[in-house]
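Peer 1: this one's structure only:
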């Protein structure tokens, strides 16, 4: 049974410090993974505006934002100019690919995408995706084949653009199994491989779950594998830094449970593409995360 590892890289610090650490851990455990990079400016400090979002302060109060992201990162885009991650870290990104890992697009400007894309029009959305697509090609010398939305935030224009850009598959939302997305009865011909497991920052601080026992909790969720396996999203700023020990516990536990730890492309290659179900692609809420995000909805019955 396969468990795909999807690594979201949100910040300059996560790229410089978390990514190399994750490469080291993955190679140590002979695990494959897909790294999705933020390719433009780091404007993490502008996330302060989320203070007015329901549930945001509750989440912040139980996860040490300063500890995980660093004070300097939290000033980028406000008190400090936002550094261009792609320009400063191209060598690190290319080294990930050179080590044999799949690479793809997370976004161009993480904060801009996560905070605004849901309500933006086609022109705005296409511009942001094109900026990321062009920067990826400049860094790697080849076009990207996959995209995983920042903050699991999407709109219909982004879905259409993924189809237009010819992505092999994408992983933009949360759900239970791979599917072909349907938006208002419109088929989007780019399969979605949703994240199937909760993230560490959604779990720690809830129901007596701590950094010390969260790995045990996640492993309890994967004890009985579903027919199509799992997709686990981790973050370079968390599992690649302060929570690296937790991630190593997970790697060891998943191997003991019999999972093959694979990239998203390897996971996609193992699927029966001719028989993927059609599901609605909706926005909704999940436990542990503030606001709404892209979700796998009900099966679509024509």
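Peer 2: The structure has been received and is ready for your questions. None of these values were measured; they are calculated from a predicted model. Numbers count the residues shown, from 1 in each chain.

Peer 1: pLDDT below threshold where in the stretch 1-150 of the chain?
Peer 2: 46-81 (pLDDT under 70).

Peer 1: recalculate using a threshold of 50.
Peer 2: Applying pLDDT under 50 to the stretch 1-150 of the chain flags residues 50-53, 55-57, 59-62, 66.

Peer 1: quick one: the strands in it?
Peer 2: Under the criterion DSSP state E, counting those that start in this stretch, strands of the stretch 1-150 of the chain are mapped to 2-9, 34-38, 102-107, 146-147.

Peer 1: quick check: closest non-adjacent residue to residue 7.
Peer 2: residue 35 (4.8 Å; C-beta to C-beta, 6 or more residues apart in numbering). C-beta coordinates here come from the backbone N, C-alpha and C atoms, glycine included.

Peer 1: again, but for residue 215
Peer 2: Setting aside the residues directly before and after it, residue 215 is nearest to residue 249 in space (C-beta to C-beta, 6+ apart), at 3.8 Å.

Peer 1: give the buried residues for the helix or strand containing that neighbour.
Peer 2: Assigned by DSSP states H and E, residue 249 belongs to helix 244-256. When burial is assessed from 16 or more other C-beta atoms under 10 Å, helix 244-256 yields the following buried residues: 244, 246-247, 249-251, 253-254.

Peer 1: again, but for stretch 10-22
Peer 2: Judged by neighbour count using 16+ other C-beta under 10 Å, the buried positions of stretch 10-22 are 10-15, 17-22.

Peer 1: ok, stretch 85-92 next?
Peer 2: For stretch 85-92, the neighbour count (16+ other C-beta under 10 Å) marks 85-86, 89-90, 92 as buried.

Peer 1: now flag whichever of the residues you listed is closest to residue 105.
Peer 2: residue 86 (10.8 Å; C-beta to C-beta).

Peer 1: residues contacting the closest residue to the closest one other than its chain neighbours?
Peer 2: In this structure, residue 86 finds its nearest non-sequential neighbour in residue 39, 4.2 Å apart by C-beta to C-beta, 6+ apart. Applying C-beta atoms under 8 Å, 6 or more residues apart in numbering to residue 39 gives the contacts 85-86, 105-108, 131-132, 135-136, 139.
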